[in-house]
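Chemist: Provided below are the primary sequence and the corresponding predicted coordinates.
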Amino acid sequence: MVIPSPIRPYLWAAALALVVIALWVAYSRGVSTERTRWQIAQAKEAQARAAQQKANDDETARRLTTQKEIAENAIRERDAARDDAVAAGAAGERLRAQVRNLTLSLASRDPGATGSSETTAASLNMLAIVQQRLDERADGLARYADEAAVAGRACEASYEALRARRAR
């Protein structure tokens with residue numbers, strides 16, 4: 001005995017088609033929602049990368065500007081130290097000339113007190129030469145020390161300028 005089916009086969013097909021369509025709509029909507037979320041996440045990440053790149057560029061520009069300022073200050077300091085060294089060298093030369101003249105005048109006043117005048121003149125000349133060499137060497141060392149100090153301060157300032165930003 002066959003029980004008559006109250007629902008006809010075309011209604012079953014229509015119901016199945018509705019279920020399939022409903023599932024397809026739900027799936028499509030889910031895909032669309034996830035795609036939108038992915039695009040939003042990608043856009044946020046791109047903005048974050050752009051902001052980080054701008055921050056990196058700004059930091060690089062700041063460092064370069066700071067390094068340039070430090071180098072310019074070091075050049076000014078070095079030039080000032082060289083000018084001071086030139087002035088000190090000229091003052092030293094004048095002082096050496098005064099000492100040489102004073103020693104020669106003292107030697108010419110009393111030639112008998114220290115022995116023969118030739119020996120005295122040779123001794124005084126030797127003393128003047130040694131003193132001049134010592135002064136020139138001291139001037140050279142002072143110039144070197146000044147330039148090393150300027151370079152050291154510039155290096156330290158450069159390091160501190162780079163380190164200060166990293167600590168933040």
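Modeler: It's in.

Chemist: what's the offset of stretch 83-96 from the middle of its chain?
Modeler: With C-alpha atoms, centre = their mean, to the nearest Å as the basis, stretch 83-96 stands 35 Å off its chain's centre.

Chemist: what does that stretch contact?
Modeler: Here stretch 83-96 makes contact (C-beta atoms under 8 Å, 6 or more residues apart in numbering) with 128, 131, 132, 135, 139, 142, 143, 146. Where you see a C-beta, it was placed from the backbone N, CA and C, and this is true even at glycine.

Chemist: which residues of this structure fall in helices?
Modeler: Assigned by DSSP state H, the chain shows helices spanning 9-109, 117-167.

Chemist: Can you add mean pLDDT and give the ones you listed back as CSV?
Modeler: Output for the helices of the chain, formatted as CSV (pLDDT from 0 to 100):
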stretch, mean pLDDT
helix 9-109, 89
helix 117-167, 81
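
Chemist: Pipe those helices into a markdown table and attach mean neighbour count per row.
Modeler: Output for the helices of the chain, formatted as a markdown table (neighbours: other C-beta atoms under 10 Å):
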| stretch | mean neighbour count |
| --- | --- |
| helix 9-109 | 12 |
| helix 117-167 | 13 |
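
Chemist: before we move on, back to that, which one of the contacts of stretch 83-96 is nearest residue 40?
Modeler: The closest of the contacts of stretch 83-96 to residue 40 turns out to be residue 146 (C-beta to C-beta; 61.8 Å).

Chemist: Identify the residue nearest the closest one in space, chain neighbours excluded?
Modeler: Using C-beta to C-beta, 6 or more residues apart in numbering and skipping residues adjacent in sequence, the residue nearest residue 146 is residue 81, 3.9 Å away.

Chemist: What residues does that neighbour make contact with?
Modeler: Contacts of residue 81 by C-beta under 8 Å, 6+ apart are 143, 146, 147, 149, 150.

Chemist: Distance of it relative to residue 147?
Modeler: Applying C-beta to C-beta, to the nearest Å, the value for residue 81 to residue 147 is 7 Å.

Chemist: Pull the contacting residues for residue 66.
Modeler: 158, 161, 162.

Chemist: Residue 74 too?
Modeler: 150, 151, 153, 154.

Chemist: Now the two most distant members of the residues you listed.
Modeler: Greatest spatial distance in those: 151 and 153, 7.5 Å, computed using C-beta to C-beta.

Chemist: neighbours of residue 8, just the number please.
Modeler: 9 (other C-beta atoms under 10 Å).
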